[in-house]
Each structure stands twice: as C-alpha cells, then as structure tokens.
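[1] Have a look; sequence and predicted model below, questions after that.
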Amino acid sequence: MLGWMSYEITGHKTGLEGAFIRTQAHTASDALRFAREWAEQGVTGITIVSPKGESFDIDRFGMIVSTNVGRLDADWTSQRL
C-alpha cells in the first residue's frame, strides 16, 4: 500500500501583515483550483509543491509563472528556449 501523497499550497495573505497560509490538496487540479481562488482573494506568493517535490509559482491571475519541474540544477534558466 502506498503512503499518503498530497500537493501543498502556500501563500501570503495581504492585509494581515503578510501572514503565511498553507493547505493541502489530494490532486493537482484541486491544488490549482485552491491557488486560483486564493489569487482572486489577493493572496500573494502562491506556490504549489507536488508530492514529487516539483514547485509551481502562481501569479495574481492564478496562472503558473515558473516551475522547477525537470530541471533541478542551478543553471536551468540559461537553457530555456
């Protein structure tokens, strides 16, 4: 039996002196839905981390703006197209 794996969503709630908030989701689609709802509410610095440790930064419109998927070495940005 496999252990429990979840997506972690974190961000900073504006208006509360940048209070750190965090939740978990069962699926990638649920995680993205939470992140988009947070973005609509003005949460900033939203990041989703997958069970594999892949990180996705979400902008204020609820879109993925950066990721570390597939390239974990320090020089991955210089090799993007």
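    Now that the structure is in, tell me what you want to look at. A quick note: this is a predicted structure, and the numbers were derived from the prediction, not measured.
[2] in the protein, which residue is closest to the centre?
    Taking Cα atoms, centre = their mean, the centroid of the chain lies closest to Ile48, which sits 1.9 Å from it.
[3] Parallel or antiparallel, which strands does the helix or strand hosting that one pair with?
    Assessed by DSSP states H and E, Ile48 sits inside strand 44-49. Here strand 44-49 is paired, per DSSP bridges, with strand 7-13 (antiparallel), strand 55-58 (antiparallel).
[4] any chance of the ones you listed in a markdown table, plus mean pLDDT, mean neighbour count and distance to Arg22?
    Placement of C-beta: from N, CA and C, glycine included. Converted to a markdown table, those look like this (pLDDT from 0 to 100; neighbours: other Cβ atoms under 10 Å; distance: least, Cβ to Cβ, whole Å):
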| stretch | mean pLDDT | mean neighbour count | distance to Arg22 |
| --- | --- | --- | --- |
| strand 7-13 | 94 | 19 | 5 |
| strand 55-58 | 94 | 18 | 14 |
